[in-house]
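[1] sequence-free structure coming up:
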């Protein structure tokens, strides 16, 4: 069964729409493939250096996946695709340093709690 995708809240949608158009299009292409149960896009689907990479986060975030486009700056979109055949987009941001973005992690914690509450589930 194909999935759909939705933003966890209005702020998550606003953040995604604030990404540069070219980056947002590449993330959208990947999310459409994921939502369509077609797996991940392969690096061959993009021009050299354009790959959208995917990784499952660790620890408290093990139920969510981060898409990334590296560079200076780098871009991130985080989603959870486990529930009700929906890919829930939790957060999007521009990353400007090599360090872990504590503000982004705090936002993710809050949005994950919001998702749990919204769906009345344990993640």
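    That came in fine, so what should we check first? Just so we're clear, the structure is a prediction, and the values are computed from it rather than from any experiment. Numbering: from 1, shown residues only.

[2] what about this protein, any weak spots by pLDDT?
    Applying pLDDT under 70 to the chain picks out residues 1-3, 37-50, 82, 121-123.

[3] so what's the spatially most central residue of it up against?
    Centroid check for the chain by Cα atoms, centre = their mean gives residue 78 as the closest residue, at 2.4 Å. Residues near residue 78 by Cβ atoms under 8 Å, 6 or more residues apart in numbering: 57, 64-67, 89-92, 108. The C-beta positions use only the backbone N, C-alpha and C, and glycine is treated the same way.

[4] Run through the bridge partners of it.
    Applying DSSP bridges to residue 78 gives these bridge partners: residue 66, residue 91.

[5] that older thread, from the contacts of residue 78, list the buried ones, please.
    64-67, 89-92, 108 (16 or more other Cβ atoms under 10 Å).

[6] which one of the residues you listed is nearest residue 114?
    The closest of the buried ones among the contacts of residue 78 to residue 114 turns out to be residue 90 (Cβ to Cβ; 8.5 Å).

[7] Leaving out the residues flanking it, which one is nearest to the closest one?
    Take residue 90 and drop its neighbours on the chain: the residue closest to it by Cβ to Cβ, 6 or more residues apart in numbering is residue 111, 4.3 Å away.

[8] element containing residue 55?
    Residue 55 belongs to strand 53-56 when elements are defined using DSSP states H and E.

[9] quick one: strands adjacent to that strand?
    Counting by DSSP bridges, strand 53-56 is paired with strand 65-69 (antiparallel).

[10] Can you list the buried residues in the longest helix along the chain?
    Criterion DSSP state H: the longest helix present in the chain is helix 102-119. Buried residues in helix 102-119, counted by 16+ other Cβ under 10 Å: 104, 107-108, 111-112, 115.

[11] hmm, back to that, so what's the gap between the strand holding residue 55 and the chain middle?
    Relative to the centre of its chain, strand 53-56 is centred 9 Å away, using Cα atoms, centre = their mean, to the nearest Å.

[12] for stretch 75-92, same thing?
    5 Å.
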